[in-house]
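**Student:** Attaching a predicted model along with its sequence, questions to come.
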Amino acid sequence: MKKYDLVIIGAGTSGAYLAREIAKRGHSVLVIEKNSRDKAGTKYDIFHIEEREFARLGIPRPVEGDAAWAFEFEKNYNSDPLCLYPKLQINPTVGLHLHEYTLLMNDLALEAGAEIEYEAEFVSLTFDKAGRVSGVKYIQGGEEKTARARITADCSGINAAARTSLPDGYGIENFTPGDDDMFYVILRYVRLKNKEDYLDSSTFWAPYKSWIAPCADPGGAIIGIGACHSFEYAQSVYAEMEKTVPLPEYELVKVEMGRTPFTRSPYSLVADNFIVSGDAGCLTKSVNGEGVTSSIYMLKIAAAAIDRAFKTGDTSKYALWRVNREYNTTQGAEFAMLRAMLVGVINAVSFEEFEYVFKSGLISDELLNALTGASVPPKALLKAFGAFVSGIGGKEISKGTVKAALGAVKNAARILVHYKKFPETPDGFEEWCAVADRIYERIGKIK
């Protein structure tokens, strides 16, 4: 039996980041990864990181020529279904190869002193005599092994192998997301037939939850779609999208399919001797389902808390609770608010109303760029308000949609304020959860 300060389940970007941060602080770390090294991070080929996130999170920024680097762009268009009134958002973004970036993060963890065991599949958590998590059992090379740990972290991905095996009432919800709590993502890697269609930007169509973006091949592109319920439903939405969106002519190269959580994260991400992050904790962006930087933000908070816990010798949920408090009053609150808005808008606004929203200026370049930290000129706000009022008066926006939109705004405000009031200690947590449950029931789920 081996003993470590921290055992991490999963050597993806989340697990590797946490391993590096804890190992470089002088603590012993073991990461177990079910895949071989050459299969690590092969869920998709391409993923994106916004330029500003590299410095904010302290993660490596590949450049052209590096194995992990694929492409870069800064123009992001949000478009109406007919592509007549696209709105431009400037947000420098780097496209990366997930496998190569995962290996880069793994190597940084190893350099910091962490151990990684590949082809090591999690079997179960172990518990001490007091019923607290004490480590893991796993199988490697046909042999069952045990690793003891002061803290165990579940970064195992969407199946949340360890979190979902926690006993009821342990402190972290052990739910398994259903089909309505997932985005079923289909990525079509294509080769564009006409050189004038080559991309230097991305375009997103909110009504279809679909997009087109550059890929590593300058003459290629990725056409993606995400939808709840099933891959079959996502395919049907894509078929509808093709009827109105004037996509460039292309030849299909390959198709990638995968799932990503589209639901709230567990209210608590920590328990006695235990922490969860990444897809295992449903830590994905509400607007696009990406989770690499979302979970690393949370793990940056967690790394500091874990370091303090090891130094004080207290790894209880009380010692780790500051992770919950700091996360849920910042990014957690923001994601909850955005999810409430997105569900309300997507479920309520019709095809024709989306066209009006873009044509009238109700959505503008200035408002979209405010999402990346830019200020919103007062004239843009006045224009948006005027377009909204005119839409109601001219019946371009129905009363039902207005009612639903106002309800979405109200729910978004409620959940934001509630998350900002996340309890500073576990005392009062159950009451907080009860109120959150009622708000989420009003928010509902995306159709």
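**Tutor:** Arrived safely, thanks for sending. Residues are numbered from 1 along each chain as shown.
**Student:** in the stretch 251-400 of the chain, which spans are helices?
**Tutor:** 292-312, 317-328, 331-348, 351-360, 365-369, 378-393, 399-420 (DSSP state H, counting those that start in this stretch).
**Student:** The ones you listed: which one's closest to Asp217?
**Tutor:** Across the helices of the stretch 251-400 of the chain, the minimum distance to Asp217, taken as C-beta to C-beta, is reached by helix 292-312, at 22.0 Å. Placement of C-beta: from N, CA and C, glycine included.
**Student:** and the closest one, what other elements does it pack with?
**Tutor:** Counting by 3 or more C-beta pairs under 8 Å, 6 or more residues apart in numbering; DSSP states H and E, the packing neighbours recorded for helix 292-312 are helix 13-23, strand 46-50, helix 51-57, strand 143-154, helix 317-328, helix 331-348.
**Student:** And the helices of the stretch 251-400 of the chain: which comes nearest Phe127?
**Tutor:** Among the helices of the stretch 251-400 of the chain, helix 317-328 comes nearest to Phe127, with 14.8 Å by C-beta to C-beta.
**Student:** Export the closest one to PDB, keeping only CA atoms.
**Tutor:** Output in PDB follows, covering the C-alpha atoms of helix 317-328 (Å, rounded to 0.1, in the frame of the first residue of the first chain):
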ATOM      1  CA  LYS A 317     -15.000  19.800   5.100                       C
ATOM      2  CA  TYR A 318     -14.700  22.700   7.500                       C
ATOM      3  CA  ALA A 319     -11.100  23.300   6.500                       C
ATOM      4  CA  LEU A 320     -11.900  22.900   2.800                       C
ATOM      5  CA  TRP A 321     -15.100  24.900   2.900                       C
ATOM      6  CA  ARG A 322     -13.500  28.100   1.700                       C
ATOM      7  CA  VAL A 323     -13.300  26.400  -1.800                       C
ATOM      8  CA  ASN A 324     -17.100  26.400  -1.900                       C
ATOM      9  CA  ARG A 325     -17.400  29.900  -0.600                       C
ATOM     10  CA  GLU A 326     -14.900  31.500  -2.900                       C
ATOM     11  CA  TYR A 327     -16.000  29.500  -6.000                       C
ATOM     12  CA  ASN A 328     -19.700  29.800  -5.600                       C
END
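**Student:** Could I get the pLDDT score of Ala387?
**Tutor:** Each residue has a pLDDT score; the one for Ala387 is 54.
**Student:** actually Leu299, not the one I wrote
**Tutor:** 98.
**Student:** What of the one 10 residues further on?
**Tutor:** For Ala309, the pLDDT comes out at 98.
**Student:** let's number from 17 now, not from 1
**Tutor:** Sure thing, new numbering starts at 17, so read that last one as Ala325.
**Student:** Give the closest residue to the residue nearest the centre of the chain in space, chain neighbours not counted.
**Tutor:** Central residue check for the chain by C-alpha atoms, centre = their mean: the C-alpha nearest the mean position is that of Thr300, 1.7 Å away. Once flanking residues are discounted, Thr300 sits nearest to Gly307: 3.9 Å by C-beta to C-beta, 6 or more residues apart in numbering.
**Student:** correct me, but the one you found touches Arg275?
**Tutor:** No - applying C-beta atoms under 8 Å as the test, Gly307 and Arg275 come out as separate, 11.5 Å apart.
**Student:** Who has more neighbours out of those two?
**Tutor:** Comparing Gly307 with Arg275 by other C-beta atoms under 10 Å, the one with more neighbours is Gly307, at 24 against 19.
**Student:** so what's that one up against?
**Tutor:** Counting by C-beta atoms under 8 Å, 6 or more residues apart in numbering, Gly307 makes contact with Thr276, Pro277, Gly294, Asp295, Leu299, Thr300, Lys301.
**Student:** What lies in contact with stretch 138-152?
**Tutor:** Under C-beta under 8 Å, 6+ apart, the answer for stretch 138-152 is 23, 25, 48, 50, 153-155, 160, 162-165, 168, 172, 177-178, 181-183, 186, 287-290.
**Student:** Got the phi and psi for Asn107?
**Tutor:** Backbone torsions of Asn107, given as degrees, to the nearest 10, read phi -150, psi 90.
**Student:** what's the neighbour count on it?
**Tutor:** Neighbours around Asn107, by other C-beta under 10 Å: 20.
**Student:** what about it, distance to Glu90?
**Tutor:** 7 Å (C-beta to C-beta, to the nearest Å).
**Student:** any weak-confidence spans in the stretch 117-266 of the chain?
**Tutor:** Within the stretch 117-266 of the chain, no stretch has pLDDT under 70.
**Student:** wait, doesn't Tyr266 sit right on Asn210?
**Tutor:** No - counting by C-beta under 8 Å, Tyr266 does not reach Asn210; the two are 9.2 Å apart.
**Student:** Look at those two and report which has more neighbours.
**Tutor:** Neighbours were counted for Tyr266 and for Asn210 using other C-beta under 10 Å; Tyr266 has more, 19 against 10.
**Student:** Please name the residues that touch the more buried one.
**Tutor:** Val206, Arg207, Leu208, Lys209, Ala237, Ile239.
**Student:** Can you flag the buried ones in these?
**Tutor:** Taking 16 or more other C-beta atoms under 10 Å as the criterion, what is buried in these is Val206, Leu208, Ala237, Ile239.
**Student:** returning to that earlier point: next, format the contacts of Gly307 as JSON lines and append pLDDT and distance to Ala356.
**Tutor:** Putting the contacts of Gly307 into JSON lines (pLDDT from 0 to 100; distance: C-beta to C-beta, whole Å) gives the following:
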{"residue": "Thr276", "pLDDT": "90", "distance to Ala356": "19"}
{"residue": "Pro277", "pLDDT": "90", "distance to Ala356": "16"}
{"residue": "Gly294", "pLDDT": "95", "distance to Ala356": "23"}
{"residue": "Asp295", "pLDDT": "95", "distance to Ala356": "21"}
{"residue": "Leu299", "pLDDT": "94", "distance to Ala356": "17"}
{"residue": "Thr300", "pLDDT": "88", "distance to Ala356": "15"}
{"residue": "Lys301", "pLDDT": "82", "distance to Ala356": "14"}
